[in-house]
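Asker: Have a look at this prediction, sequence included:
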Amino acid sequence: MTYLNNLFSTKTTPQSEPIPGSTQVPNSAGGYSWGVDDWTRLDRFLILGSEGGSYYASERALTLENAEAVVRCLQADGPRVVRRIVEVSEAGRAPKTDPAIFALALATTERANAETRRAALAALPRVCRTGTHLFHFAAYVDGMRGWGRGLRTAVAEWYARPAEQVAYQAVKYQSRDGWSHRDLLRLCHAKPAAPESAHQELYRWIVKGWDEAPETAPTEEALRLVWAFERAKRAESRAEMVRLIREHRLPREAVPTQWLTEAEVWEALLEDMPMTALVRNLATLTRVGLVAPLSAGTARVVAQLGDAERLRRARVHPIGLLAALKTYAQGHGERGRSTWQPVPAVVDALDGAFYASFGNVQPTGKRWVLALDVSGSMTWSSVAGVPGLTPRVASAAMALITAATEPHYTVTAFCDRMVRIGISPRQRLDDVVRATDGLPFGGTDCALPMLWALEQGVEADVFVVYTDSETWHGKIHPVQALRQYRERTGIAAKLIVCGMVANGFTIADPADRGMLDVVGFDTATPAVMSDFALAE
Ligand code: CA
C-alpha cells in the first residue's frame, strides 16, 4: 500500500509534482504553485512593475506577460481596471507611477470598449498629475494608438487646469521621453477659454517662447513664474538668483545648473522644497554644507521628514525613502565619484519616515511568523529599479513594518533550508539591508517556515511568506505543511503570501479562505494583512 500512498497523497506531495486533484500549474522553477488570477496580477504589476525583469523572465517578457494580463482584465471589466489604476495612483500605493500610466494608456486603446476608453481619458488628470507623468503617458500611448479626437481633447483638458498650475508644471517638468509641453500643445490644439487670458499667453510662451522677456515681472501670477524662470536663465549674480527663488518660489528644475553648487541657492530652495525633492536632494544639501551636524538646515530637514501628514500628502513612497536612506547612509553615489559625510540625524529621520509612510496600522496581538524567502531567485533584479534593492532585501524591510507594529512576532528566513537571520525594527534599515544582502542563498522550499514552526513548537496564528512563489525543492507543498501544522497544533493558522515579484504564481491555495495574496510594497498591504489576521 505504501507505494500507492506515496504516489498519490493529497497530504504530502513533492513540490516537483502538482497536488493530485488541485488546480496547481507548473511554475518557472520546475515546481508547482497556483496561478494568480488576473486581478491579483494587475495589482502586482501596478505596484511592483516589471522593470529589470525577474530571475526567470527578461524585462521584455515580464512586461508582455503583465500587459496581456491587463488586457484580459480590460476585457473582463474595463471600468474596474480604470478605477483600480486611479485608486493605486491617487493613494500613492506604488513606488513608481509608470505601470499605472502604462495601464491607463492601454485602457484608451481598441483593446478596451468605448465606455472604458472614455473612463480612462477622463481619469487622465488624476493619474497623470505632473508634466512628467503626462510625457510618460504620451510616449506610451503614442506607441499604442493614433491621436484621435478623444485623446486630443483629454490632453487639452489637462492644460485647462488653473494657469498657475500649468506654469509650474511647464517650468518644473520641461521635457521627458522625447516629449515636451510644446509637442503636446501643438498636437492637442488646446484652446484657451478666453482670448488674452493668462492661459493664452502661457500657451504662446510654451509653443513659441518670448522674443524678449519683459523688464519687470507681469502682474498675473502664472506669468510671473514664467518671467522668473526666463530671468533665472540670465541671472548675473548669486544674489539675483537667490532673490528670484525666494520671491517666485522657483523649483530646483528652474535653476540653471551652474548655481546648483552654491549653498545659498540651496538654502533658498530648501525653504519651499517639496517633500519628494527634499528626499532626493539630501546628498547635495549635505555636500554644499547646508545639512551638517547641528545646523539649521538639518533641523529643517529632520522636522520635515518627521511630518507624517506631509509625507502622506506628498505621496512619498516607502521605497523612495528606503532608497534615499540606503544611498545617503553610504556617503557616496551609486555611480560617479560624488561623496558626502552622512549626518546621522538625517539617516535616523529617514528611518522613521520609512515606517510612517505606511500609515497607522493597529497591532492585532496575533502571533506572527514572518518568513523571508532568501533563495537565489530573490537576489535577482531590483524592486522598482532601485540599485541593490533586491526582492529579498525589500522583503526584509517589508517584514519590519509588521515587526514594528506587532508585539508578538519572529523573523525567519529560508531557502532550501532554514537560514539564520537576526533583524529587528530597532536596527537601522541600512544595517538590515546589509545583513540581508550578505545571507547565503540556495534552492527554494516555501514549506519550511511551517515545518520549522511545527518542529520547534512555535505557536503561530499567521505565517507571512515573502516570496516569488517559485518553490520546487521540498518534499511537501507549503499548503500541505500548513494543514499539518493546523491539525497537529489545533491552531487555525493563516498564511499570507506577500508577492515580491510581478509574476503569475502563488503558493496560497485560492480555495482556502485562510490564505491570502498581498503585494509587497503596496502601502496598503500592512493594513490588509492585519485585517485578514483578525478576521474570523
Ligand atoms: Ca527561489
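Answerer: Received, thanks. Residues are numbered from 1 along each chain as shown.
Asker: which SS class is the closest residue to the ion within the stretch 51-200 of the chain?
Answerer: The stretch 51-200 of the chain approaches the ion most closely through Y55 (7.0 Å), counting by Cβ to the ion. C-betas here are computed from N, CA, C, even on glycine. Of the three states, Y55 takes coil under DSSP: H, G, I helix; E, B strand; the rest coil.
Asker: Verify the contact between it and W380 for me.
Answerer: Yes - assessed by Cβ atoms under 8 Å, Y55 is found in contact with W380 at 3.7 Å.
Asker: returning to what we had before: contact partners for the residue of the stretch 51-200 of the chain closest to the ion?
Answerer: Residues near Y55 by Cβ atoms under 8 Å, 6 or more residues apart in numbering: G376, S377, M378, T379, W380, S381, D468, E470, V501.
Asker: From those, list the ones also adjacent to the ion.
Answerer: S377, E470 (Cβ under 5 Å from the ion).
Asker: out of the contacts of Y55, which is most surrounded?
Answerer: Most neighbours among the contacts of Y55, by other Cβ atoms under 10 Å: D468, with 32 neighbours.
Asker: so which helix or strand takes in the closest residue to that one other than its chain neighbours?
Answerer: Closest residue in space to D468, ignoring its immediate chain neighbours: V501 at 4.1 Å, by Cβ to Cβ, 6 or more residues apart in numbering. Applying DSSP states H and E as the criterion places V501 outside every helix and strand.
Asker: What residues does V501 make contact with?
Answerer: R44, L48, S54, Y55, S381, P391, D468.
Asker: and G21, how many residues sit next to it?
Answerer: 8.
Asker: tell me which parts of the stretch 301-450 of the chain are close to the ion?
Answerer: By Cβ under 5 Å from the ion, the residues of the stretch 301-450 of the chain that approach the ion are S375, S377, T444.
Asker: So which residue is smack in the middle of the protein?
Answerer: Nearest to the geometric centre of the chain sits P95, at 1.3 Å (Cα atoms, centre = their mean).
Asker: didn't it look like it was pressed against L321?
Answerer: No - using Cβ under 8 Å, P95 makes no contact with L321, being 10.0 Å away.
Asker: Next, show the common contact partners of the two.
Answerer: In contact with both P95 and L321: no residue, using Cβ under 8 Å, 6+ apart.
Asker: and the gap between the residue nearest to K96 when sequence neighbours are not counted and the ion?
Answerer: Nearest non-adjacent residue to K96, counting by Cβ to Cβ, 6+ apart: A384, 5.1 Å away. Remark: distance between A384 and the ion (Cβ to the ion, to the nearest Å) = 20 Å.
Asker: can you pull out the helices in the stretch 51-200 of the chain?
Answerer: In the stretch 51-200 of the chain, the segments counted as helices under DSSP state H, counting those that start in this stretch are 59-90, 98-107, 114-122, 124-127, 131-142, 149-158, 163-172, 181-188, 198-208.
Asker: which parts of the chain sit against the ion?
Answerer: So far as Cβ under 5 Å from the ion goes, the chain lies against the ion at S375, S377, T444, E470.
Asker: sec struct for the third one, please.
Answerer: Secondary structure of T444, reduced to three states by three-state DSSP: coil.
Asker: repeat for the last one
Answerer: Under three-state DSSP, E470 falls in the coil class.
Asker: Where do the strands of the stretch 301-450 of the chain begin and end?
Answerer: For the stretch 301-450 of the chain, the strands defined by DSSP state E, counting those that start in this stretch occupy 368-373, 409-414, 418-419.
Asker: deepest of the ones you listed, which one?
Answerer: The highest average neighbour count among these, using mean count of other Cβ atoms under 10 Å, belongs to strand 368-373 at a mean of 28.
Asker: List the neighbouring strands of it plus their orientation.
Answerer: strand 409-414 (parallel), strand 462-467 (parallel) (DSSP bridges).
Asker: Other residues contacting the following helix or strand past the last one?
Answerer: Translated: strand 462-467. Next along the chain after strand 462-467, taking DSSP H and E as the criterion, comes helix 478-489. Outside helix 478-489, the residues that touch it by Cβ under 8 Å, 6+ apart are 10-13, 19, 446-448, 450-451, 453-454, 459-460, 463, 465, 471, 474, 476, 491-493, 495, 507-509, 512, 515.
Asker: which pair in the contacts of V501 spans the largest distance?
Answerer: With Cβ to Cβ as the measure, no two of these lie farther apart than R44 and Y55, at 15.4 Å.
Asker: show me the contacts for S377.
Answerer: So S377 contacts A29, S54, Y55, Y56, T444, D468, E470 (Cβ under 8 Å, 6+ apart).
Asker: Include pLDDT when you put the residues you listed into CSV, please.
Answerer: What follows is the contacts of S377, written out as CSV (pLDDT from 0 to 100):
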residue, pLDDT
A29, 96
S54, 93
Y55, 92
Y56, 94
T444, 97
D468, 96
E470, 96
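Asker: I'd like the distance between I206 and the ion.
Answerer: For I206, the distance to the ion - Cβ to the ion - is 50 Å.
Asker: Reduced to three states, what does C498 come out as?
Answerer: C498 - assigned by three-state DSSP - is strand.
Asker: That one: neighbouring residues, count only.
Answerer: Count around C498 with other Cβ under 10 Å applied: 25.
Asker: same thing with the one 10 residues further on?
Answerer: A508 sits with 26 neighbouring residues when counted by other Cβ under 10 Å.
Asker: How about it, nearest residue that isn't a chain neighbour?
Answerer: Nearest to A508 is M515, by Cβ to Cβ, 6+ apart, at 3.8 Å.
Asker: For ChimeraX, write the selection for the buried entries among the contacts of helix 478-489.
Answerer: Of these, the buried ones go into a single ChimeraX selection, burial set by 16 or more other Cβ atoms under 10 Å:
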select :13,19,446,447,448,450,451,453,454,460,463,465,471,474,476,493,495,507,508,509,515
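Asker: And the helices in the stretch 201-350 of the chain?
Answerer: Counting by DSSP H, counting those that start in this stretch, the segments of the stretch 201-350 of the chain that form helices are 221-233, 238-248, 263-270, 275-280, 282-287, 296-305, 308-313, 318-330, 344-356.
Asker: and these, which is most packed in?
Answerer: helix 318-330 (a mean of 23).
Asker: tell me the angle of that one relative to helix 296-305?
Answerer: 150 degrees (axes from the mean of the first three to the mean of the last three Cα atoms, to 10 degrees).
Asker: What average pLDDT does helix 318-330 get?
Answerer: Mean pLDDT, helix 318-330: 94.
Asker: now swap in stretch 251-264 and tell me
Answerer: Per-residue scores along stretch 251-264 average to 95.
Asker: Which two among the contacts of S377 are spaced furthest apart?
Answerer: Farthest-apart pair in the contacts of S377 is S54 and T444; separation 13.3 Å (Cβ to Cβ).
Asker: Tell me which of the two has more neighbours.
Answerer: Counted by other Cβ under 10 Å, S54 and T444 do not tie: T444 has more neighbours, with 28 against 23.
Asker: How about the contacts made by the nearest residue to the more buried one once chain neighbours are set aside?
Answerer: Among residues not flanking T444 along the chain, S375 sits closest, at 4.1 Å (Cβ to Cβ, 6+ apart). Residues counted as contacts of S375 (Cβ under 8 Å, 6+ apart) are R392, F414, C415, D416, F441, G442, G443, T444, E470.
Asker: rerun at 10 Å
Answerer: 29, 55, 391-392, 413-416, 419, 441-446, 467-468, 470-473 (Cβ atoms under 10 Å, 6 or more residues apart in numbering).
Asker: Tell me which residue in the stretch 201-350 of the chain sits closest to the ion.
Answerer: I319 (21.5 Å).
Asker: which ones are touching the residue nearest to that residue when sequence neighbours are not counted?
Answerer: Of all residues not flanking I319 in the chain, P95 sits nearest, at 3.5 Å (Cβ to Cβ, 6+ apart). Shown in contact with P95 (Cβ under 10 Å, 6+ apart): 47-49, 51, 317-320, 322-323, 383-386, 389, 394, 521-523.
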